[in-house]
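K.L.:
need coordinates for the below:
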Amino acid sequence: MLERALKSILIQEVADLEILICDDRSEDKHWPTISALGLLDKRIRIHRNERNLGAVKNLNNSLDLARGEWILIFNDDDVMLPSMLLKEKEFIKNNPNIGFVYCDGFSVSSIGKKMLRTCPTKPILKAGEEALNHIVFHFNIFATCVLVNRKCYGKLGKWTDTVSPDWEMWSRIASQYDIGHINEPLIEVYLHNVSSSSPVSRYENDWVMLNKLVCSYYPVHMQKDLLPLMLTSMAEGFWSMGYQAWLQGDWLRGMKFMKAGRKYLQGKLWWYRFLNYSFFALPRRVKYVLTDKEVYESHV
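P.N.:
This next block holds a predicted model:
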């Protein structure tokens, strides 16, 4: 997957870039393959951490190592579509004072099904309430397509060590800088299994803390009325995670996410959602299982 991601970067029509691969002390058997990638192109620089830092600390360490004026953090299993970097570079050339620019893209499921993810906006959203409202209530940004002005990290600090650091980081930047949006799908993001090692309780604790933090980026007179709305909106995240876990067959974990969301929704609305999701999840789960089996058999 790393080679696929790297090839999608190398075909971009941008010559003046540094490609920094930060290996978070992966297993020794993988290191020869990773280190050999540095021979593919002189723009590639490879760094291996002395010890495993974890995802967010490795990300923040990468910011220290990067040398460019504009920084994009790219996952090793995603794919840039042709001209993504060129179009983002042209955008910032015409709008040099923005904090970051991002584009639309496709989410790709474990069975290869693509779904367009977009939320049409003006090309430039003004710093403060306009940009914040878009991120807080219409969050639809793939982290791996966001090209950030380095000065933002220098002024506002690095990523929080939480389960959703990107949402808070973009909000922090949007509170101080205009943000840009290219209304065109230019990236493919491959979805991961919801059944990760992080317990549901950590999601809840982190999300509540992050919502309170992001709420503090708004003017003081708005915060009292805004926080309850944000927490209600947060419940959508629990339902989304729960539903995805159900589709992947992890019913218990899915139920835990949905129960966590119950605290932030009215009782009748929660039961309506629960029955609605229950009705749709089972047949879709059966469809996913059959499709996975068909895909497997087609490769045997």
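
K.L.:
please make it C-alpha for all contacts and neighbour counts, starting now.
P.N.:
OK.

K.L.:
tell me the phi and psi of the residue lying closest to Phe137 once chain neighbours are set aside?
P.N.:
Leaving aside its sequence neighbours, Phe137 sits nearest to Ser233 (C-alpha to C-alpha, 6 or more residues apart in numbering; 7.1 Å). When read as degrees, to the nearest 10, the backbone of Ser233 gives phi -60, psi -30.

K.L.:
and Met258, what pLDDT?
P.N.:
Confidence at Met258, expressed as pLDDT, is 88.

K.L.:
how near is it to Tyr190?
P.N.:
Using C-alpha to C-alpha, to the nearest Å, Met258 is found at 24 Å from Tyr190.

K.L.:
and the two? which has more neighbours close in?
P.N.:
Neighbour totals were compared for Met258 and Tyr190, and Met258 leads with 24 against 18 (other C-alpha atoms under 10 Å).

K.L.:
just checking, that one touches Trp239?
P.N.:
Yes. Taking C-alpha atoms under 8 Å as the definition, Met258 is a contact partner of Trp239 at 5.5 Å.

K.L.:
that older thread, neighbours of the residue nearest to Phe137, just the number please.
P.N.:
Ser233 has 18 neighbouring residues, counting by other C-alpha under 10 Å.

K.L.:
wait, isn't it in contact with His138?
P.N.:
No. Using C-alpha under 8 Å, Ser233 makes no contact with His138, being 9.7 Å away.

K.L.:
which parts of the stretch 1-150 of the chain are helices?
P.N.:
All helices of the stretch 1-150 of the chain, identified by DSSP state H, counting those that start in this stretch, fall at 2-10, 31-36, 55-65, 84-94, 129-137, 150-156.

K.L.:
out of these, nearest to Glu204?
P.N.:
Glu204 lies closest to helix 129-137 among the helices of the stretch 1-150 of the chain, at 16.6 Å (C-alpha to C-alpha).

K.L.:
please identify which of the helices of the stretch 1-150 of the chain is closest to Lys212.
P.N.:
helix 129-137 (11.6 Å).

K.L.:
flag every buried residue along that closest one.
P.N.:
Across helix 129-137, burial judged by 16 or more other C-alpha atoms under 10 Å covers Glu129, Ala131, Leu132, Asn133, His134, Ile135, Val136.

K.L.:
same check, this time on stretch 108-122
P.N.:
Neighbour counts over stretch 108-122 (16+ other C-alpha under 10 Å) mark Val108, Arg117, Thr118 as buried.

K.L.:
for Thr232, give me its contacts.
P.N.:
Tyr264, Leu265 (C-alpha atoms under 8 Å, 6 or more residues apart in numbering).

K.L.:
any idea which element it lies in?
P.N.:
According to DSSP states H and E, Thr232 maps onto helix 220-247.

K.L.:
correct me, but Asn49 touches Ile21?
P.N.:
No. Counting by C-alpha under 8 Å, Asn49 stays clear of Ile21, with 10.7 Å between them.

K.L.:
neighbour count winner among those two?
P.N.:
Higher neighbour count among Asn49 and Ile21: Ile21, with 21 against 13, using other C-alpha under 10 Å.

K.L.:
now do the more buried one against Asn61, distance only.
P.N.:
11 Å.

K.L.:
ditto for Met80
P.N.:
23 Å.

K.L.:
neighbour count winner among those two?
P.N.:
Between Met80 and Asn61, Met80 has the larger neighbour count (other C-alpha under 10 Å), namely 25 against 15.
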